[in-house]
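Enquirer: model this:
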Amino acid sequence: MKFIFNPITKQMDLVSTGQQGPQGPAGADGADGVDGVDGVDGSDGAQGPAGADGADGAQGPAGPQGATGATGPQGPTGATGPAGADGADGAQGPQGPAGAAGADGADGADGAAGQGVPTGGSANQVLAKVDGTDYNTQWVNQSGGGGSSLSTAVYTGPTTSTVSATSATYVTVPVSTSYGTPASIYSNSNGVVTLGAAGTYLCMCTVVITGTTSNYRWGGELNIRHNTGSGLTEIGSVQGGYIRQASGQNDTYLSISRIVTTSDANDTIDFQLRRINTIAGNATYLQNLSTIQIIKLDGVEGATGCGG
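Expert: Alright, predicted model coming up:
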């Protein structure tokens, strides 16, 4: 015999056991029983494999700035970039020093002879302007009597053949020797002529220059100055002249003439010469062939003539 729990009566029934019969059909599932008391926790199992990475979380706030790290080594030089656009032109610099003088050029053709003292004339005649045109002059007789007469003076020089004409700065022409008898109103002190009366004057000068150096070229400038008592003023100048001893052209000359008007008896005029070519050479004045000539164009009062 054995006891079997009766779930309906919830009591143990005594059951006699006979011969086991065939298995009956499965009964319907009974209702779930009351949960039993939790058992004691089992020991931890072995760690399972790592799960897949979860999605990135939202970015957190920036942390505080860390201390500056040490400077790293200099990197290699990069490739040259493209050329930039041209900048604006800078201001012009100061003028550089003058270059050395160039070599003399080839000889030019000989020019026509310049205007000197005209040929002709006779004793006691003087050179007079025909009109206001340069060099338009003629020889005329000095007049006298009860009217007025031209007052003239002619000077020559230099008195030696050794006076140099090579200075590159102006030097007064060395012409002061009276030729004939100059009118009493004039005086000449070493080439400076005093015009001793108010009036209008034709003032002329011719210088004659020579040279002996082979293949030497000379050129000069001749000027005229007027002193009215308040200082000298240049009133004209001319340039010219050519000496080429190697070509047989040893001599040359320069001439200048100007009209001068004075208001008193103390004005002076003088003439100056300077070399303008680049080589000094050995040019000199020809002895007694340079001249200064002064003519008072409005005359001076002469002696009273005989009555008619």
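Enquirer: first to last residue in stretch 192-200, what's the distance?
Expert: Stretch 192-200 has an end-to-end distance of 18 Å (criterion: Cα to Cα, to the nearest Å).
Enquirer: can you pull the buried residues of that stretch?
Expert: Of all the residues in stretch 192-200, those buried under the rule 16 or more other Cβ atoms under 10 Å are 192-197, 199. Where C-beta positions appear, they are placed from N, C-alpha and C, glycine not excepted.
Enquirer: Nearest to Gly60 among those residues?
Expert: Minimum distance to Gly60 across these is 109.3 Å, recorded for Val192 (Cβ to Cβ).
Enquirer: Skip the chain neighbours and tell me the closest residue to that closest one.
Expert: Leaving aside its sequence neighbours, Val192 sits nearest to Asp270 (Cβ to Cβ, 6 or more residues apart in numbering; 4.5 Å).
Enquirer: May I have the helix or strand that contains that neighbour as PDB, with CA atoms only?
Expert: In this assignment (DSSP states H and E), Asp270 forms part of strand 268-275. Output of strand 268-275 as PDB, limited to C-alpha atoms (Å, rounded to 0.1, in the frame of the first residue of the first chain):
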ATOM      1  CA  THR A 268      82.600 150.400 -67.800                       C
ATOM      2  CA  ILE A 269      82.600 147.500 -70.200                       C
ATOM      3  CA  ASP A 270      85.000 144.500 -70.400                       C
ATOM      4  CA  PHE A 271      85.300 141.300 -72.400                       C
ATOM      5  CA  GLN A 272      86.200 137.900 -71.100                       C
ATOM      6  CA  LEU A 273      87.400 134.700 -72.700                       C
ATOM      7  CA  ARG A 274      87.300 131.100 -71.400                       C
ATOM      8  CA  ARG A 275      88.100 127.600 -72.900                       C
END
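Enquirer: And the next helix or strand past that strand?
Expert: Next along from strand 268-275, by DSSP H and E: strand 284-285.
Enquirer: Local confidence estimate at Pro174?
Expert: On the pLDDT scale, Pro174 is placed at 96.
Enquirer: Name the SS class of Gly236, please.
Expert: strand (DSSP: H, G, I helix; E, B strand; the rest coil).
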